[in-house]
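Trainee: okay, predicted coordinates and the sequence, questions at the end:
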Amino acid sequence: MSDRTQGGTRIEARHFREVLGQYPTGVVVVTAPDTAGEPVGMTVGSFTSVSLDPPLVAFLPSKTSSSWAALRATGDRFCINVLRADQEDLCRAVAMRKSDKFAGFEWHRSPAGNPVLEDAVVWIDCVTDRIHDGGDHDIVVGRVVDLDFGSSGDPLLFFRGGYGSFRPSSLVSGDSDLLSHLGLIDLARPQMESLAADLDTEVTAIALVGDEMILAAAAGHTDIAVSPTRVGQRLPFMAPIGSCFAAWGDDELCERWIARVADGMDAAELAALRGVPELVRQRGYAIAVGHREGAHLESVATRINAGDPGTSPDDLRKAFFSALPGYNRPEDPDGDVELRSLSAPVFGPDGRIAYMLTLWGRPGLTSPADIRQRAQALVQAAAAASRVVADVA
Ligand SMILES: Cc1cc2nc3c(=O)[nH]c(=O)nc-3n(C[C@H](O)[C@H](O)[C@H](O)COP(=O)(O)O)c2cc1C
């Protein structure tokens with residue numbers, strides 16, 4: 001990790017990011033048309049209004065960003081699209097894809113001819129006024145030429161590496177329930193960090209608190225997640241995600257896991273789902289394949305959990321059914337698959353599952369041999385974490 005020296009003070013890069021990550025931002029996509037009229041764009045958290053008279057706004061792209069280079073090459077105009085809480089998929093696609101960033105997403109033209117993304121909360125057409133030097137970033141000041149509301153709904157927020165929308169502070173007090181888990185999770189830090197480093201991916205600890213799973217700690221990084229981590233992310237406890245808790249929990253927990261999705265499933269589907277905890281127990285870990293379906297389910301579930309009015313139970317149902325076939329298939333993969341995650345239990349001093357360690361997949365395909373090796377390493381790390389917890393207790 002590099003250090004930065006400024007005026008004699010050494011600032012460690014990770015520390016800088018973590019401290020600044022305590023400041024929540026909205027998320028915008030800056031768009032402009034290329035020579036063929038197709039949109040180019042960039043996901044940006046550093047958007048701000050600057051001045052009312054004259055009307056100025058600004059955003060700060062990294063000088064090394066290829067997306068910024070592409071935007072800049074289109075000319076001196078751009079459009080700010082403030083994303084809605086349910087546009088996390090779009091946010092990730094524009095942040096991660098190198099080409100075809102907008103494939104699958106609707107857009108239309110603003111009066112100035114810039115691409116306006118469908119469902120954005122507001123759009124702001126700008127002409128580049130000035131570009132200032134901002135260290136390793138540029139400070140792009142835009143003069144506003146037109147602006148308006150787009151879709152109704154709450155804006156998407158980015159905070160501590162996770163996405164959400166505004167929540168009344170009373171809900172945050174639920175975090176105190178997490179405190180009892182955090183001590184145990186802290187004990188497993190070395191296992192999480194060495195596993196993440198050895199396999200070059202992200203390892204997270206996910207605790208079950210009431211009816212929510214909370215991503216309580218993370219080590220390492222994977223390109224299938226958004227940098228730096230998703231700590232703080234909350235998901236409802238419901239099949240097929242969080243199967244470790246159902247597998248190593250009691251019958252009541254198993255029922256709670258199925259209850260939220262059982263409605264509308266036929267008998268065969270329900271029977272298959274009821275068999276999953278036993279399957280996961282026998283295997284020793286849970287496995288999910290399918291990057292897009294898994295990410296989509298997580299994002300819809302997170303929004304439902306956060307009470308986002310723009311996401312309906314029907315959205316959740318659709319996301320659930322498209323992801324279901326990728327979770328805990330009875331047979332091991334017999335060819336390369338998109339490995340999304342592997343999860344294994346860590347047991348508390350009372351011998352009950354305290355939390356699960358999740359080893360996230362990497363972009364693209366993973367071979368069966370690689371999956372076996374990763375699963376084995378994860379199960380060993382989780383067992384080592386359980387021993388540390390038992391020793392300390
Ligand atoms: C929520 C979020 C906010 C971001 N904010 C900024 C930003 O303010 N400035 C920036 O340079 N990149 C930002 N990024 C990163 C870029 O969107 C993009 O991932 C990065 O530029 C990728 O590199 P490339 O442009 O070379 O493809 C952000 C990404 C996310 C997901």
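Mentor: Received, thanks. Since the model is a prediction, treat every value here as computed from it, not as a measurement.
Trainee: CA only for contacts and neighbour counts going forward, please
Mentor: Will do.
Trainee: got a list of what A247 touches?
Mentor: C254, V276, P277, E278, V280, R281 (CA atoms under 8 Å, 6 or more residues apart in numbering).
Trainee: let me know the closest of those residues to T25.
Mentor: Lowest distance from T25 to those (CA to CA) belongs to C254, with 37.3 Å.
Trainee: gap between the residue sitting furthest away from the middle of the chain and the ligand?
Mentor: In the chain, counting by CA atoms, centre = their mean, D53 sits farthest out from the average C-alpha position, at 37.6 Å. According to CA to the nearest ligand atom, to the nearest Å, D53 stands 24 Å off from the ligand.
Trainee: mind checking the SS state of that residue?
Mentor: When classified by DSSP: H, G, I helix; E, B strand; the rest coil, D53 comes out as coil.
Trainee: and L297, what is it in contact with?
Mentor: By CA under 8 Å, 6+ apart, the neighbours of L297 are L316, A319, F320, A323.
Trainee: can we see that at 10 Å?
Mentor: 235, 240-241, 303, 315-324 (CA atoms under 10 Å, 6 or more residues apart in numbering).
Trainee: phi, psi of it?
Mentor: Main-chain torsions, L297, degrees, to the nearest 10: phi -60, psi -50.
Trainee: can you pull the pLDDT of it?
Mentor: Note on L297: pLDDT of 87.
Trainee: over to S165?
Mentor: So S165 comes in at 79 (pLDDT).
Trainee: residue contacts, it?
Mentor: With CA under 10 Å, 6+ apart, S165 has these contacts: 26, 84-86, 153-159, 302-303, 306-308.
Trainee: just the CA trace of stretch 40-47, in PDB.
Mentor: The C-alpha trace of stretch 40-47 is given here as PDB (Å, rounded to 0.1, in the frame of the first residue of the first chain):
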ATOM      1  CA  VAL A  40     -20.400   7.100 -23.600                       C
ATOM      2  CA  GLY A  41     -20.400   7.500 -19.800                       C
ATOM      3  CA  MET A  42     -18.900   7.200 -16.400                       C
ATOM      4  CA  THR A  43     -20.200   6.500 -12.900                       C
ATOM      5  CA  VAL A  44     -19.200   9.300 -10.500                       C
ATOM      6  CA  GLY A  45     -19.700   9.900  -6.800                       C
ATOM      7  CA  SER A  46     -17.900  13.200  -6.800                       C
ATOM      8  CA  PHE A  47     -20.600  15.300  -8.300                       C
END
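Trainee: that stretch near the ligand at all?
Mentor: Yes - residues of stretch 40-47 contacting the ligand under CA under 6 Å from any ligand atom: M42, T43, V44, G45, S46.
Trainee: ok, now which ones touch the fourth one?
Mentor: Read that as G45. G45 neighbours (CA under 10 Å, 6+ apart): P24, T25, G26, V27, V28, V29, F59, L60, P61, V82, L157, F158.
Trainee: ok, the closest residue in space to the third one that isn't next to it in sequence - contacts?
Mentor: The reference is to G26. Distances taken as CA to CA, 6 or more residues apart in numbering put L157 closest to G26, at 4.5 Å, once the chain neighbours are dropped. Neighbour list for L157: 24-28, 45, 83-85, 88, 163-166 [criterion: CA under 10 Å, 6+ apart].
Trainee: bridged to L157, which residues?
Mentor: G26, G164 (DSSP bridges).
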